[in-house]
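# 3D model of this:
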Amino acid sequence: MSNGNFAAGDDGNWKNYGHWTIDATGALHVAGPASGTVDAVADYRATIGGTVLVTDTGHGLSTGDIITIAGTTSYNGTYTITKVDNNSFYIQPQNGWVASETGTWTTPAFSCVVV
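Next up is the predicted model:
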């Protein structure tokens, strides 16, 4: 049996996306969610109405990814993101821009087995 962590990246930015194991039968098991930090939130309405810009250096996300933000006062919830660049993405919170805050984000958990 072998095991380890795996990473995936977008445009050369790598993040830890989960854990893998190979069981006694040789089947590969892959599982995990992605996660990151909300380093800052900025008003992005002048660029795209109703949006806020989230900063997380090297986030590794792509447009259309679904994340859940936690640990903030105003932005906790689940969002479909739009990637701006390797260090930022925007979301459309129901209440719009409130204030700059910090917190965390995660993607939904996943698992698969390859035999």
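
# ok, T57 touching D85?
No: between T57 and D85 there is no contact, the gap being 10.3 Å when judged by CB atoms under 8 Å. All C-beta spots, glycine's among them, are computed from the backbone N, C-alpha and C.

# what residues of stretch 70-87 count as buried?
72, 74-75, 79, 81-84, 86 (16 or more other CB atoms under 10 Å).

# same question, stretch 41-59
Within stretch 41-59, the residues that count as buried by 16+ other CB under 10 Å are 41, 44, 51-56, 59.

# from the residues you listed, which has minimum pLDDT?
When the buried residues of stretch 41-59 are compared by pLDDT, H59 scores lowest at 83.

# show me what the host helix or strand of L53 is packed up against.
Secondary structure assigned from DSSP states H and E places L53 in strand 52-55. Secondary-structure packing of strand 52-55 (3 or more CB pairs under 8 Å, 6 or more residues apart in numbering; DSSP states H and E): strand 40-43, strand 88-91.

# and for G26, the neighbour number?
9 (other CB atoms under 10 Å).

# relative to H59, how far out is T106?
According to CB to CB, to the nearest Å, T106 stands 12 Å off from H59.

# S100 now?
To H59, S100 is 17 Å away according to CB to CB.

# T55 contacts S88, correct?
Yes: using CB under 8 Å, T55 is in contact with S88, at 5.0 Å.

# where are the low-confidence patches of the chain?
The model of the chain has pLDDT under 70 over residues 1-21, 29-33, 109-115.

# ok, which stretches of it are helices?
Taking DSSP state H, the chain contains no helices at all.

# which residues in it form strands?
Using DSSP state E, the strands found in the chain span residues 2-10, 13-22, 28-32, 35-38, 40-43, 52-55, 66-70, 77-80, 82-85, 88-91, 103-106, 110-114.

# follow-up on the earlier one: nearest to D23 among the buried residues of stretch 41-59?
Among the buried residues of stretch 41-59, H59 lies closest to D23 (CB to CB), at 31.8 Å.
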